[in-house]
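*Asks:* model this:
(chains A, B, C and D)
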2 protein chains.
Amino acid sequence: MESKEALSSLAALAHEQRLEIFRLLIKAGETGVPAGEIATTLHVRPNTLSNNLSVLAAANLVHSKREGRTIRYFAALERMSALLGFLMEDCCGGNPEICRPVLKQMSCTN
Amino acid sequence: MESKEALSSLAALAHEQRLEIFRLLIKAGETGVPAGEIATTLHVRPNTLSNNLSVLAAANLVHSKREGRTIRYFAALERMSALLGFLMEDCCGGNPEICRPVLKQMSCTN
DNA sequence: TCGATATTTCATGAAGTATGGAATCGAAGG
DNA sequence: CCTTCGATTCCATACTTCATGAAATATCGA
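*Replies:* Here you go, the predicted structure:
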């Protein structure tokens, strides 16, 4: 991942509503969530939601699929993966033990 | 980690110069880097650097230690760890296989 | 084709953030 | 004590981002 991509992802996530949207989509997983359902769940106006979804989409953090009148949104885990890799690049250059706790926090066993 | 803390961390990182600073400190690990060395390495003015370091420090992403006239900065891995955990919370609620690739990207074996 | 529903686009004012120059602080050395 | 060096703070200007309402677009059912 390049610096500019990482920056756009971080900027997209550095916003209260967008962070909530993204985490909601992370939790929803493969199922995704229709735009309207995001709006009612998070109590946001549809136009504001649409703007924020477009920011997340421009940062490649989410993608969408039309289903008739509704549009279903999904978190883009592969992008998230690349971002985390970029942020922690070479963190273990000196000593693998140091960043071990970071990984532990991410473990999917909880 | 609470949402507000995550937001301040993300906002701090969503800035070209601060992202470079943070990644430099991540690579430096336990050794840390003195402020002056950061300035010369990244070719930034000392006042700008100082501002940006204070933003990163306010977000608890870095901490510092005075050593005579110089001040040495370190990346705060425990904060980074909490941030990643917050972002990916419940990512595996449905299916552990889905977020496995995210972890792989972070693996310290490279 | 018409109306209803779901979502997006656009322009705008208000608020927040970045930047660089100058002044300041704190520690070390003569 | 005075100077130098490393780093920070202050401040005004310029820039960017944000939420909002009004209008537009797309899809479906009648």
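*Asks:* Quick check: residues of chain A near DNA strand D?
*Replies:* Applying C-beta under 7 Å from any atom of the strand, we find that chain A lies next to DNA strand D at A:11, A:14-17, A:45, A:47-48, A:51-52, A:55, A:66, A:68-69. Every C-beta, even on glycine, is put in place using the N, C-alpha and C of the backbone.
*Asks:* ok, now with 6 Å
*Replies:* On the criterion C-beta under 6 Å from any atom of the strand, DNA strand D has as its neighbours in chain A the residues A:H15, A:Q17, A:R45, A:N47, A:T48, A:N51, A:G68, A:R69.
*Asks:* out of those, what pair is the most spread apart?
*Replies:* Longest distance between any two of the residues of chain A next to DNA strand D is 29.3 Å, between A:H15 and A:G68; criterion C-beta to C-beta.
*Asks:* does A:L61 really touch A:Y73, like I thought?
*Replies:* No. With contacts counted by C-beta atoms under 8 Å, A:L61 stays clear of A:Y73, the gap being 10.2 Å.
*Asks:* can you pull the contacts of A:E16?
*Replies:* For A:E16, the contact set (C-beta atoms under 8 Å, 6 or more residues apart in numbering or on different chains) comprises B:S3, B:L7.
*Asks:* and the gap between it and DNA strand C?
*Replies:* Noted for A:E16: a distance of 11 Å to DNA strand C, by C-beta to the nearest atom of the strand, to the nearest Å.
*Asks:* Also A:R18?
*Replies:* Taking C-beta to the nearest atom of the strand, one finds A:R18 at 13 Å from DNA strand C.
*Asks:* after the helix or strand harbouring that residue, next one along is what?
*Replies:* Taking DSSP states H and E as the definition, A:R18 sits inside helix A:16-28. Next along the chain after helix A:16-28, taking DSSP H and E as the criterion, comes strand A:33-34.
*Asks:* what sits up against that next one?
*Replies:* A:L24, A:L25, A:T41, A:E67, A:T70, A:I71, A:R72, A:Y73.
*Asks:* Can stretch A:53-61 be said to contact chain B?
*Replies:* No. Using C-beta under 8 Å from any C-beta of the partner chain, stretch A:53-61 stays clear of chain B, with a minimum separation of 10.2 Å.
*Asks:* This completes my enquiry, with thanks.
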